[in-house]
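> coords please:
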Amino acid sequence: MADEAINEKKFYENGLHFECQRCSFCCGHSPGYVYLSKRDLIALCNFYKMKIRDFVEKYCRWADYYYGEVVLALLEKKNYDCILWENGCSAYEARPIQCSTYPFWSWMIKDKKTWDECALECPGMNKGKLWPFEEIEKNKLAYVSNKPLKKEEVLKMMKEEED
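A predicted model of the protein is given here:
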């Protein structure tokens, strides 16, 4: 049975079409979280030339996560748009991994049915550039490997920055 799963072909073995249409649906319109990893936080702080404490106070919030953990996430505006959204991502070059790997998140590419359901809300899916299997897998791996920073980790980074 396990060997069958390993040898099972992925529906995107010949690639998937995706080209962002700049509709901003994935960047807002409904409640959600953009969790920040250490890599994300450092990249954004460098981009904005801000200290960690200042960036966190201006752009972030604490979010409940799995198993009772509290992790770092970007703020949302009152209309649920990402705090970084201003007719496009104001930090595009330093955007979080969660954003840069969309729509190749592990759960979205689980099967064709899920992909097609997600495509009903994203006008860029099934259009434009053909992403090869290897690039899709690379994005999926980056997404699943990108762990959000726990509150204790952020507080430690702030303290180290001050010392």
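> helix or strand right after the helix or strand of the chain with the lowest mean pLDDT?
Lowest by mean pLDDT, DSSP states H and E among the helices and strands of the chain is helix 2-7, with a mean of 50. Remark: after helix 2-7, the chain's next helix or strand is strand 16-18, criterion DSSP states H and E.
> Render the CA-only coordinates of whatever helix or strand comes next after that following strand in PDB, please.
Past strand 16-18, heading to the C-terminal end, the next element that is a helix or strand (DSSP H and E) is helix 38-48. As requested, the backbone C-alpha atoms of helix 38-48 are provided in PDB (Å, rounded to 0.1, in the frame of the first residue of the first chain):
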ATOM      1  CA  LYS A  38      12.500  33.900  11.200                       C
ATOM      2  CA  ARG A  39      13.500  34.200   7.600                       C
ATOM      3  CA  ASP A  40      10.400  36.300   6.900                       C
ATOM      4  CA  LEU A  41      10.800  38.600   9.900                       C
ATOM      5  CA  ILE A  42      14.500  39.300   9.100                       C
ATOM      6  CA  ALA A  43      13.800  39.900   5.400                       C
ATOM      7  CA  LEU A  44      11.000  42.300   6.200                       C
ATOM      8  CA  CYS A  45      13.000  44.200   8.800                       C
ATOM      9  CA  ASN A  46      15.900  44.500   6.400                       C
ATOM     10  CA  PHE A  47      13.500  45.700   3.600                       C
ATOM     11  CA  TYR A  48      11.900  48.300   5.800                       C
END
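> Look up the closest residue to the most centrally placed residue in the chain, ignoring the ones flanking it.
The centre of the chain sits closest to residue 98, judged by C-alpha atoms, centre = their mean, with a distance of 1.1 Å. The shortest distance from residue 98 to any non-neighbouring residue, by C-beta to C-beta, 6 or more residues apart in numbering, is to residue 34 (5.4 Å). Backbone N, C-alpha and C define where each C-beta goes, glycine included.
> Wait, the one you found touches residue 81, no?
No. Counting by C-beta atoms under 8 Å, residue 81 is not a contact partner of residue 34; they are 11.1 Å apart.
> The two - which one has more neighbours?
Neighbours were tallied for residue 34 and for residue 81 using other C-beta atoms under 10 Å; the higher tally belongs to residue 34 (23 against 15).
> Need phi/psi at the more buried one.
When read as degrees, to the nearest 10, the backbone of residue 34 gives phi -110, psi 100.
> and the gap between it and residue 21?
The span separating residue 34 from residue 21 equals 19 Å under the rule C-beta to C-beta, to the nearest Å.
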